[in-house]
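J.: Okay, predicted coordinates and the sequence, questions at the end:
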Amino acid sequence: MEWISVEDRLPEDESWVVVYSDEPYISYYSKEGWLHCNCNCREGSGPEDLERVTHWQPLPSPTKEQTND
């Protein structure tokens, strides 16, 4: 997948994407801004605002479980 500049276009409202902001993150985009969940989310710290997002791309499709029939 190709990175898309936020200057060219933004993702659909209320969607999960991969973003680049000093390093890659999985992020939630809404019209209010970008949010990501750091490692401490599991410990109850909650999501944090991301600043300086420059590029994004859609999340890859989930893998399909293979069966050996």
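T.: Sure thing, it's come through.
J.: List the buried residues in the strand or helix carrying Q57.
T.: In this assignment (DSSP states H and E), Q57 forms part of strand 55-58. Residues of strand 55-58 classed as buried by neighbour count (16 or more other Cβ atoms under 10 Å): 55-56. Bear in mind the C-beta positions are built from the backbone N, C-alpha and C, glycine included.
J.: Show me what that strand is packed up against.
T.: When contacts are defined as 3 or more Cβ pairs under 8 Å, 6 or more residues apart in numbering; DSSP states H and E, strand 55-58 sits against strand 4-5, strand 15-20.
J.: The nearest residue to D22 once chain neighbours are set aside and S61: what is the separation?
T.: Spatially, and ignoring its direct neighbours in sequence, D22 is nearest to R52 (6.9 Å; Cβ to Cβ, 6 or more residues apart in numbering). As judged by Cβ to Cβ, to the nearest Å, R52 and S61 stand 28 Å apart.
J.: Between the two, tell me which one has more neighbours.
T.: The residue with more neighbours, out of R52 and S61, is R52; 10 against 6, by other Cβ atoms under 10 Å.
J.: That one is in contact with E23, isn't it?
T.: No: taking contacts as Cβ atoms under 8 Å, R52 lies outside contact range of E23: 11.1 Å.
J.: Can you say which of the helices and strands packed on strand 55-58 is packed in most?
T.: Highest mean neighbour count among the helices and strands packed on strand 55-58 (mean count of other Cβ atoms under 10 Å): strand 15-20, with a mean of 17.
J.: Check which helices and strands that one sits against.
T.: Packing contacts for strand 15-20, counted by 3+ Cβ pairs under 8 Å, 6+ apart, involve strand 24-30, strand 55-58.
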